[in-house]
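Sequence first, then the predicted structure, then my questions.
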Amino acid sequence: MTAVDDEAAVDRVLAGDPSAFEGIVRRWQGPLVNLAYRFCRDRGRAEDMAQEAFLRAYRGLARWRRQGMFSTWLFALATNLYRSEIRRIPPVTLPLDRLEPSSGETRDDDVEDRDRAIRRVVDTLPPKYREALILFYFREMDVAAAAASLGVPEGTLKARLARARHLLRRKLPATVWSPRLKEAQ
């Protein structure tokens, strides 16, 4: 399914064929659940949040102004919903002192441990920085798409990413700092 297919499915739904929305759900369900999971770190809650995002998208299809891609509109809608949901019921976070490495041993799963530590520290950041990181690094959106999803100018998103990286550098031990979270060009 492509962006053109998304637009055709929206046209069919708006013309009275609600079954056309099924293709949109099939295409975007995984990405929306994964995005929600990055916000709440709970698979069941993420699935519920994604379902609510699809429901709101379906009800609001007529409000999509077609100035950008359907996926950008869908992710902006979902991101706003997830942000509201996380403010309403925050996820459980771990204290930073529980993130320290237990020993100097090297193990095969060091990369997984590092990634888990990074995700936990990201979860402790203020929402505006956490959301920027999630969209840009974990969801791999470009600056323009991430800024559109958050409803902020691109310069604001870049500033939030820079501040978030600075906060991560201060919170993460040097042994955990990931090259993939270095300055974005």
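Arrived safely. Keep in mind the model is a prediction, meaning the values are calculated, not measured.

you'd agree residue 129 is up against residue 167?
Yes - in terms of CB atoms under 8 Å, residue 129 counts as a neighbour of residue 167; the distance is 6.3 Å. The way it works is simple: take the backbone N, C-alpha and C, and place the C-beta from them, glycine included.

What helices and strands are in contact with the helix or strand of the chain with the lowest mean pLDDT?
Least confident helix or strand, the chain: helix 110-124 with a mean of 76, by mean pLDDT, DSSP states H and E. Here helix 110-124 touches helix 127-133, helix 154-171, going by 3 or more CB pairs under 8 Å, 6 or more residues apart in numbering; DSSP states H and E.

Figure out how far it is from the centre of its chain.
16 Å (CA atoms, centre = their mean, to the nearest Å).

Return the set of buried residues in that helix.
114, 117-118, 120-123 (16 or more other CB atoms under 10 Å).

now could you export just the CA positions of that helix as PDB?
In PDB, the C-alpha atoms belonging to helix 110-124 read as follows (Å, rounded to 0.1, in the frame of the first residue of the first chain):
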ATOM      1  CA  ASP A 110      25.700  -5.700  26.100                       C
ATOM      2  CA  VAL A 111      24.000  -4.000  23.100                       C
ATOM      3  CA  GLU A 112      20.600  -4.900  24.300                       C
ATOM      4  CA  ASP A 113      21.400  -3.800  27.900                       C
ATOM      5  CA  ARG A 114      22.600  -0.500  26.500                       C
ATOM      6  CA  ASP A 115      19.500   0.000  24.400                       C
ATOM      7  CA  ARG A 116      17.300  -0.800  27.400                       C
ATOM      8  CA  ALA A 117      19.200   1.700  29.500                       C
ATOM      9  CA  ILE A 118      18.800   4.400  26.900                       C
ATOM     10  CA  ARG A 119      15.100   3.800  26.600                       C
ATOM     11  CA  ARG A 120      14.700   4.000  30.300                       C
ATOM     12  CA  VAL A 121      16.500   7.300  30.500                       C
ATOM     13  CA  VAL A 122      14.600   8.600  27.600                       C
ATOM     14  CA  ASP A 123      11.400   7.800  29.600                       C
ATOM     15  CA  THR A 124      12.700  10.100  32.400                       C
END
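
Quick one: work out the angle between it and helix 154-171.
Computed by axes from the mean of the first three to the mean of the last three CA atoms, to 10 degrees, the angle separating helix 110-124 from helix 154-171 equals 120 degrees.

And for residue 89, the neighbour number?
Residue 89 has 8 neighbours, counted by other CB atoms under 10 Å.
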